[in-house]
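**Student:** Sequence below, structure please.
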Amino acid sequence: MLHEFNKDKVTLVKSDGTVAKEQIPALVTGEMIFTADKTLPVEVGDYLLRNLPSGLVEKYEVRNPKYYDVGHSLDAHFQIDVARAGAAQAQAAVVQGITNNFTGSNSRVNINSTDNSINVSADFSPDQLREFIGQVRPVLSQLPKDSQNVIEAQLVTIEEEADKPTPTKMRVLSALQSIKSVAESASGNLVAAGIIGLIGTLL
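**Tutor:** Reported below is the predicted structural model:
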């Protein structure tokens, strides 16, 4: 019966945004996901993503991962209680969207949650700011038009500071806070979540 668990392939994303494992054989049944992967490091609050033939990605929040060693003629397996997290997102938002490179003492990313805090651990270097702009600007088209306009205006401000030998910290902070607020308002959008994560790596 375990061969039925191979009908789908899912990706495990930890609650901090880290991709823990991809191409996991599974069976998705709506409110429960089965997998025979006994080594899966799944915990409450994690997410499981399933690619659809349409190119969209279904996102499920892990509510209760239950591990069964043996029983009912089955080998060891997980039965994971899940809840659908918002509408399916475009595949580009997951694969080609935002890369979260976690560096620094206050690095973090929030998925489907709001974090209004701003922690400052260091000054901004021009290279850091240019890298941030280079990752955010190409994916703006995947956000609502109003959000695009506000974020682009703040990116211009950050770009101006990146051209200086020593960027003005408070001006950059103000622009980042504005971008973060706009991204938080786009609830459920994976690109917005990625932008919030990127801001976390700068602060």
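**Student:** so Glu161, which of the three states?
**Tutor:** The three-state assignment at Glu161 reads helix, by DSSP: H, G, I helix; E, B strand; the rest coil.
**Student:** out of everything not next to it in sequence, what's closest to it?
**Tutor:** The shortest distance from Glu161 to any residue other than its chain neighbours is 3.8 Å, reached at Pro167 (Cβ to Cβ, 6 or more residues apart in numbering). Any C-beta I mention is one placed from the backbone N, CA and C, and that applies to glycine too.
**Student:** One more: Gln79?
**Tutor:** Spatially, and ignoring its direct neighbours in sequence, Gln79 is nearest to Lys66 (4.8 Å; Cβ to Cβ, 6+ apart).
**Student:** partners of the longest strand seen in the chain, with directions?
**Tutor:** When every strand of the chain is counted residue by residue (DSSP state E), the longest turns out to be strand 56-68. Taking DSSP bridges as the criterion, strand 56-68 pairs within the sheet with strand 47-51 (antiparallel), strand 77-84 (antiparallel), strand 89-90 (antiparallel).
**Student:** next SSE after the lowest-mean-pLDDT helix or strand in the chain?
**Tutor:** Least confident helix or strand of the chain, by mean pLDDT, DSSP states H and E, is helix 91-95 with a mean of 42. Sequence-wise, the next helix or strand beyond helix 91-95 is helix 126-136, with elements assigned using DSSP states H and E.
**Student:** wait, which of the strands paired with strand 56-68 is closest to Asp127?
**Tutor:** Each of the strands paired with strand 56-68 was scored for nearness to Asp127 using Cβ to Cβ, and the closest is strand 89-90 (29.9 Å).
**Student:** where does the residue nearest to Gln79 land on pLDDT?
**Tutor:** Model confidence at Lys66, expressed as pLDDT, equals 89.
**Student:** just the one 3 residues further on next, same as before
**Tutor:** With respect to pLDDT, Asp69 scores 77.
**Student:** just how off-centre is stretch 50-69 within its chain?
**Tutor:** Stretch 50-69 has its C-alpha centroid displaced from the chain centroid by 15 Å (Cα atoms, centre = their mean, to the nearest Å).
**Student:** C-alpha coordinates for it, PDB please?
**Tutor:** What follows is the C-alpha trace of stretch 50-69 in PDB, where atoms were taken according to Å, rounded to 0.1, in the frame of the first residue of the first chain:
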ATOM      1  CA  ARG A  50       2.800  20.600  -3.800                       C
ATOM      2  CA  ASN A  51       3.500  21.600  -7.400                       C
ATOM      3  CA  LEU A  52       0.300  21.400  -9.600                       C
ATOM      4  CA  PRO A  53       0.300  20.600 -13.400                       C
ATOM      5  CA  SER A  54      -0.900  24.200 -13.900                       C
ATOM      6  CA  GLY A  55       2.300  25.600 -12.600                       C
ATOM      7  CA  LEU A  56       0.800  26.700  -9.300                       C
ATOM      8  CA  VAL A  57       1.900  25.600  -5.900                       C
ATOM      9  CA  GLU A  58      -0.500  24.400  -3.100                       C
ATOM     10  CA  LYS A  59       0.700  25.300   0.400                       C
ATOM     11  CA  TYR A  60      -0.300  23.300   3.500                       C
ATOM     12  CA  GLU A  61       0.500  24.300   7.100                       C
ATOM     13  CA  VAL A  62       1.500  21.300   9.300                       C
ATOM     14  CA  ARG A  63      -0.900  21.000  12.200                       C
ATOM     15  CA  ASN A  64      -0.100  17.600  13.700                       C
ATOM     16  CA  PRO A  65       2.600  15.300  12.200                       C
ATOM     17  CA  LYS A  66       1.800  11.700  13.500                       C
ATOM     18  CA  TYR A  67       4.500   9.000  13.000                       C
ATOM     19  CA  TYR A  68       3.400   5.400  12.900                       C
ATOM     20  CA  ASP A  69       6.100   2.700  13.300                       C
END
